[in-house]
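[1] A predicted structure for the sequence below; I have some questions about it.
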Amino acid sequence: MKLIRRDFFRRLLVRMAALGLLGKSGNLYFLAHAQENVGELAEGCKFLNVSQARTLEAIADQVIPSDDFPGGKEAGVLYFIDNALAGWRGQDRWDYVAGLEGVDESSQIMFGSKFSDLDSDHQIKVLEALERGEARGEIWRRFQISEGRDGGSSSQRFFNLVIRHAMEGYYSHPKYGGNKDSKSWTMIGYVGAPRQ
Amino acid sequence: MANKVDVVIVGAGGAGGIVGKELAEAGMSVVQLDKGRWFTVSDAVHDELSSDRNVPRSITKLEGLAENPRSFRRDENSPTQVAPIGWNAFGVGGGTMWYGAAAWRFHEEHFRMRSTYGRPEGTTLEDWPLTYDDLEPHYEKAEYELGVAGLAGADPFGPPRKKPYPVPPLPTNPQGELFATAARKLGLHPFPPPFAILTENYQGRAGCIRCPFCIGFVCEVNAKSSTAVTVIPTAQAADNYTLKTKCVVDRVVTDDHGHVIGVSYFDEHGLHNFQAAHIVVVSANAGESARLLLNSRSRLWPNGLANSSDQVGRNLMTHIGANSYGIFDFDIPHEWGPGPSMAVNDFAEGTLGGGHIYNFYVHHPIRFARRRPPGAPRWGKAHKEFQRKYFRRFMHMNADVADMPAEFNRVEIDLDLRDGWGIPALRITRRFLPIDIEHSKFVSARQREILEAAGAIEIWSAPAGGGGYLGQHQCGTCRMGEDPKTSVLNRYCQTHDVDNLFVIDTSCFVSFPGHNPSLTAQAIAYWSSDYIRREWSSGALRRV
Ligand SMILES: Cc1cc2nc3c(=O)[nH]c(=O)nc-3n(C[C@H](O)[C@H](O)[C@H](O)COP(=O)(O)OP(=O)(O)OC[C@H]3O[C@@H](n4cnc5c(N)ncnc54)[C@H](O)[C@@H]3O)c2cc1C
Ligand code: SF4
């Protein structure tokens, strides 16, 4: 497993270097606790802290807004992603830690508050800026979202990562936590439930 | 040191499984080593997220991605990236455990593409050193021993066959019906495609229950005719046959004369062992077989074992896909597996870059969330509405389109990258040629015509040559040929350089027509096994 460990440390170093320069946005903790997230764990979560969870949940609810069927928030997309980060998608953790911080920073720059505190129109504007790769902020400039992701700039890559995972959660088997009561399957008329 | 056996086979996959059974039946003592484990119906976790084919980095993954890194670059001038490229599964049955089970024969002209069409510039297109007629009885044997469903005579372009299929074809589903009607309107010739899937009881196995999770999944009822549920159990019944799983072969070992004397491998406990054998058969699939030869350098084989031609690892082909999509203003339910139930071969021959078109496997919601016409929103309210409105009103036409062999498309050893056992890993260099892109575009234009005739209200195609195809149909990396200077294997998959070394799997392909590879690799496995048993009984290939 030599390769994997080497790769992991290299990526960690890149992140630490990037985040070390970000002391002013309160991320110095990352240097000290490079292998663990900090802050108070969000309720029902295994990895994300309160602030990260709030931001992610608000993003998920824009990526899949609620109508007569649940949005990403109600369906549990946050818990799906958090659970994955705590386990089988552990390799994506630092992209989320930095990316969620980046989204809040861009929101501050564009509209003066954190993402979750913006009204819906402004949230959409922030996400559109991410999607186009035009979101501004130190974090996006300094932080390298992992190689091999789709998209050009860091903000675009992070956005692509989040929408992919949000869709996976929302439309996957309810046992993974992001598709509460199979509502999304009912919505589209999917009958591919397991037969076991 | 374990006892010397007549033959050791590296890999118990689609082709290797057949070689093991054939040689065991011939009375030879056989040890077969596979780096993976047995998969059973309990591995049939049936939801979209559990299959790596659907969701990169999925929960269960194709086995062993993490321990098997590979690196990739587009061409000589592009940066190399470490990429978890899942080239088939590691495990008993190999790719046939998970595959979509499309079971095509290649056509007569597909074995003589160079003499029919000439060699396009920049390619190494060549005729095969064997013909369709050579393989016909072996295709038949593969179809009968594995269990292939199909309808003989239904495809006017299909190659001649002597016997019907052993089991009838899968029933047509609503997408197939719509496709067939549209294709007929255009003067095309739709027919139910052949599958290595049982449709009724056959040789002690039951028929397909038409679950929606076929391609990329282990079959929950063993109706998918993988080698793990057919020939390998047959081989295991023989006393002279031993299958050892979780054994990773790192090297084919040679003597002072350059002949092979066995293989070394790491067993389940990480111990390094040696298995002596008179004959070594490498059936580890196109990437891994070339890797093993290249990693088996020695004083006599400084460029890799049996690589005096410098062709080991070159001429990598993968198919270039053609994918078109249509949405409709009426429902076309697509919930009965495996999903493809019509195909046309009208564009699969008579051209350099042909391919068969078929309606794709059952679609699932996560994948569908990424299927959007150009410019359509990828998220938000409109995305959700599209998902809701069109999930049941969607049809995907797929085609495997021939791609041309070229020397620069290749696998090599990446000296900076090692796998979980410390064995140097592969570096893949792969890009499509402009002519491949043209062929793919031609076929997707035909797909769009079919979708239009079917009444789709919006139609689009995936960009030609985009992602995807590195990871399933890899072949060509130890090509057969008559000339030892330009090929690695003779027509029996025996290396030109070392007479007691064989490579029997998709590596041997000389060119790659627009049909899935497995049945041809399996027919070749029967054909080459026949040759080995003949040679062996004549006393050749034995060393003291
Ligand atoms: C999702 C998917 C869908 C597919 N659908 C189709 C389809 O519909 N129709 C079709 O024809 N083809 C399909 N294919 C391709 C098909 O699976 C392969 O072409 C086929 O399995 C190739 O057979 P093979 O013998 O060359 O290699 P494999 O079947 O891959 O067997 C190689 C074996 O070697 C073992 N091995 C490798 N390295 C070592 C080592 N160092 N030591 C010991 N053992 C080793 C592996 O564990 C494996 O069991 C599909 C593939 C995938 C992944
Ligand atoms: S569609 Fe049939 S053959 Fe394929 S996995 Fe399901 S039951 Fe098995």
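    Nice, I can see it. Ligands and ions are numbered 1, 2, ... in the order given.

[2] and the helices in chain A?
    A:2-20, A:29-32, A:50-63, A:72-75, A:77-86, A:93-111, A:120-132, A:138-142, A:154-171, A:183-188 (DSSP state H).

[3] any idea which of those scores lowest on pLDDT?
    Ranked by mean pLDDT, the helices of chain A bottom out at helix A:29-32, with a mean of 38.

[4] closest one to ligand 1 among the helices of chain A?
    Ligand 1 sits nearest to helix A:2-20 of all the helices of chain A, at 16.6 Å, using Cβ to the nearest ligand atom. C-beta: built from backbone N, CA, C; applies to glycine.

[5] next one: stretch B:150-168 to chain centre, how far?
    Centre-to-centre, stretch B:150-168 and its host chain are 21 Å apart (Cα atoms, centre = their mean, to the nearest Å).

[6] of all the helices of chain A, which one is nearest B:G176?
    helix A:183-188 (21.6 Å; Cβ to Cβ).

[7] excluding its backbone neighbours, what's nearest the residue of chain B most remote from its centre?
    In chain B, the residue that sits farthest from the middle, by Cα atoms, centre = their mean, is B:K381; the gap is 39.9 Å. Leaving out its chain neighbours, the residue that sits closest to B:K381 by Cβ to Cβ, 6 or more residues apart in numbering or on different chains is A:P65, at 5.2 Å.

[8] ditto for B:V7
    B:I279 (4.3 Å).

[9] what about that neighbour, which SS state?
    Under DSSP: H, G, I helix; E, B strand; the rest coil, B:I279 falls in the strand class.

[10] who's in contact with it?
    By Cβ atoms under 8 Å, 6 or more residues apart in numbering or on different chains, the contact list for B:I279 reads B:D6, B:V7, B:V8, B:V260, B:N500, B:L501, B:F502, B:I532, B:W536, B:L541.

[11] that one and B:V248, how far apart?
    20 Å (Cβ to Cβ, to the nearest Å).

[12] go on, A:K114?
    For A:K114, the distance to B:V248 - Cβ to Cβ - is 50 Å.

[13] ok, now B:N398?
    On the measure of Cβ to Cβ, B:N398 and B:V248 end up 34 Å apart.

[14] do B:S528 as well
    24 Å.

[15] look at those two and report which has more neighbours.
    For B:S528 versus B:V248, the count of surrounding residues by other Cβ atoms under 10 Å in any protein chain shown is larger for B:S528: 28 against 24.

[16] Three-state assignment for that one, please.
    Under three-state DSSP, the three-state class of B:S528 is helix.

[17] state the pLDDT value of it.
    pLDDT, B:S528: 98.

[18] how about B:W98?
    According to the prediction, B:W98 has pLDDT 88.

[19] nearest spatial neighbour of it, chain-adjacent residues omitted?
    Once flanking residues are discounted, B:W98 sits nearest to B:A89: 5.2 Å by Cβ to Cβ, 6+ apart.

[20] am I right that that neighbour is in a helix?
    No. B:A89: not assigned to a helix; according to three-state DSSP it is coil.

[21] where in chain B is pLDDT low?
    Scanning chain B for pLDDT under 70 picks out the ranges B:1-2, B:52-66, B:84-87, B:467-470, B:543-544.

[22] in three-state terms, label the residue positioned nearest the centre of it for me.
    Ranked by distance to the mean C-alpha position of chain B (Cα atoms, centre = their mean), the top residue is B:H473 at 4.2 Å. When classified by three-state DSSP, B:H473 comes out as coil.

[23] which residues does it contact?
    Here B:H473 is in contact with B:M317, B:T318, B:H319, B:D400, B:T506, B:F512, B:N516, B:P517 (Cβ under 8 Å, 6+ apart).
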